[in-house]
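**Student:** 3D model of this:
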Amino acid sequence: MRIDTQNLVSMTEANQNFSKVAHLVDQNGAAVILKNNKPRYVVIAYEKLQTTKIEDDATVDEIAGRVMKHYRKAFEELAK
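**Tutor:** Here you go, the predicted model:
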């Protein structure tokens, strides 16, 4: 997931003004809530959650294989 800096909200601000978080989600599709200046939570629209493919059944080996295949050139460069 790419994080747009305009979608970042501090935990304090999210607690005090959740309507701002909801507005960011409506406007940009997601909002990232920071805790101690680190991304901690992602808020997305329910409709987007329904379309997101969740791979609970995928094993670690299957996912690692996909990552290796997708970033093979980068890994080969790093190995040099």
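**Student:** what distance do you get for residue 31 to residue 15?
**Tutor:** Remark: distance between residue 31 and residue 15 (Cβ to Cβ, to the nearest Å) = 13 Å. Just so you know, the C-beta spots here come from the backbone N, C-alpha and C atoms, and that holds for glycine as well.
**Student:** how about residue 39?
**Tutor:** Counting by Cβ to Cβ, the gap from residue 39 to residue 15 is 16 Å.
**Student:** next one: residue 59
**Tutor:** Separation of residue 59 from residue 15 (Cβ to Cβ): 38 Å.
**Student:** in this protein, which spans are helices?
**Tutor:** 11-16, 18-28, 46-51, 60-70, 72-79 (DSSP state H).
**Student:** on that earlier part again, more neighbours: which of residue 31 and residue 15?
**Tutor:** residue 31 (24 against 11; other Cβ atoms under 10 Å).
**Student:** pLDDT score for that one?
**Tutor:** We have a pLDDT of 90 for residue 31.
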